[in-house]
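Participant: the following comprises the amino acid sequence and a computationally predicted model.
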Amino acid sequence: MNDAIVKRARSVPDQKVAAFTGEGAYHGSTKPRSQPVPQARPVLVEEMRPTTLEAYAASGARSIAELDATFSNRYEVKSTLPVPTQDEIKSDGVTFCWCLIDEAIAEAGPLTRRVLEEMTKHLRRDKRFIYIDSKIQWFEAGDVPVDSQHWHVDGSIAVRDERVQALGHRLLHDMRARLEGHAAPPTYLAYQSSMHCATQFVTGPLSVRMPELIPNFDELDLRVRALDPPCESQPASSIVAFDGLSLHRAVAARSAGWRLWIRCSETDHEVRLNPSLVECYGTVFRSPADR
Ligand SMILES: [Fe+2]
């Protein structure tokens, strides 16, 4: 059985819904884990090397410094496809969780396959792995696709180990390493089908003073919101390109409906699937007042 491929029929009553807390990180990465998942550590690649944290560990520094971070916010609409019908989305049948692209194309439903074939025209093919994530979700008005609406970047250098605990945290994102790292950040293509629930992207370079190691995206979100930079909502049925230095955020659905979301990640980092991630993938988040 391949955990990266989920084949099942969809219906509104079957949509998983959880209380929106705002605490979850995107796709569950910073939420405290109830129990450690015993896994061999993947090979450390330059793209994910926490060089700032390594320097803290070497020097014994205990207080986290700030830096003037400039996010390049490369965001570009690469292609726009016909907007699918609600029934095409609902009946597409197959979703993916960190599935290698060739396997995803072979197993995809007709709508997802058309999107993936279009994506292949825009791949850079300069990293070791090309992964596909996708979700078919039913939203009521006000539902959020993930448990956070914070401005954030994807593919951050997130570390949970004794070096992080020495600084008083469970998890830290090494933002200086991502911003100044010698290796290029991961790159992404993303598709979303919807008129009613579109990811927002910052559209130009933005400088933000921030801690160089951050336990979550709370503080960065506050600072970006205070700067109120120009941004754009991803057009319905478009494929956009961005990278690991592109600020974006989820927004709540404006009305009810199905949405297909697909992300293609090009990265040197090998992803080891965690069954608890597959389990929660595709859940929508609802404010307690709306439940
Ligand atoms: Fe994201």
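Facilitator: Arrived safely, thanks for sending. Numbers count the residues shown, from 1 in each chain.
Participant: what are the buried residues along the lowest-mean-pLDDT helix or strand in the chain?
Facilitator: Every helix and strand of the chain was ranked by mean pLDDT, DSSP states H and E. The lowest is helix 275-280, at a mean of 74. By 16 or more other C-beta atoms under 10 Å, the buried positions in helix 275-280 come out as L277, V278, C280. All C-beta atoms are positioned from the backbone trio N, CA, C, and that covers glycine.
Participant: could you give the mean pLDDT of the next helix or strand after that helix?
Facilitator: For helix 275-280, the following helix or strand on the C-terminal side (DSSP states H and E) is strand 284-286. Mean pLDDT, strand 284-286: 93.
Participant: which strands and helices sit next to strand 284-286?
Facilitator: strand 17-19, strand 129-139 (3 or more C-beta pairs under 8 Å, 6 or more residues apart in numbering; DSSP states H and E).
Participant: that one: which residues count as buried?
Facilitator: For strand 284-286, using 16+ other C-beta under 10 Å, the buried residues are V284, F285, R286.
Participant: nearest to P185, of these?
Facilitator: F285 (26.9 Å; C-beta to C-beta).
Participant: was I right about the closest one contacting E140?
Facilitator: No - contact criterion C-beta atoms under 8 Å: F285 and E140 do not qualify, at 11.1 Å.
Participant: the ion contacts on the stretch 101-250 of the chain?
Facilitator: With the criterion set to C-beta under 5 Å from the ion, the stretch 101-250 of the chain comes near the ion through D154.
Participant: show me where this structure has helices.
Facilitator: With DSSP state H as the criterion, the chain has helices at 51-59, 86-90, 101-107, 110-120, 162-165, 175-180, 218-227, 275-280.
Participant: most tightly packed of the ones you listed?
Facilitator: Of all the helices of the chain, helix 175-180 has the most neighbours on average by mean count of other C-beta atoms under 10 Å, namely a mean of 21.
Participant: which neighbouring elements make contact with that helix?
Facilitator: Judged by 3+ C-beta pairs under 8 Å, 6+ apart, helix 175-180 is in contact with helix 51-59, strand 66-71, strand 213-214.
Participant: got a markdown table for these, with mean pLDDT too?
Facilitator: A markdown table is the format used below for these (pLDDT from 0 to 100):
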| stretch | mean pLDDT |
| --- | --- |
| helix 51-59 | 97 |
| strand 66-71 | 97 |
| strand 213-214 | 98 |
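Participant: these: which one's closest to K16?
Facilitator: Nearest of these (C-beta to C-beta): strand 213-214, 28.9 Å.
Participant: so how far is the closest one from its chain's centroid?
Facilitator: Between the centre of strand 213-214 and the centre of its chain there are 18 Å (C-alpha atoms, centre = their mean, to the nearest Å).
Participant: in its sheet, which strands sit next to that strand, and in what direction?
Facilitator: Here strand 213-214 has these sheet partners by DSSP bridges: strand 172-174 (antiparallel).
Participant: skip the chain neighbours and tell me the closest residue to A65.
Facilitator: Distances taken as C-beta to C-beta, 6 or more residues apart in numbering place E212 nearest to A65, at 5.7 Å, with adjacent residues excluded.
Participant: count the residues that sit near that neighbour.
Facilitator: A total of 22 residues lie near E212 under the criterion other C-beta atoms under 10 Å.
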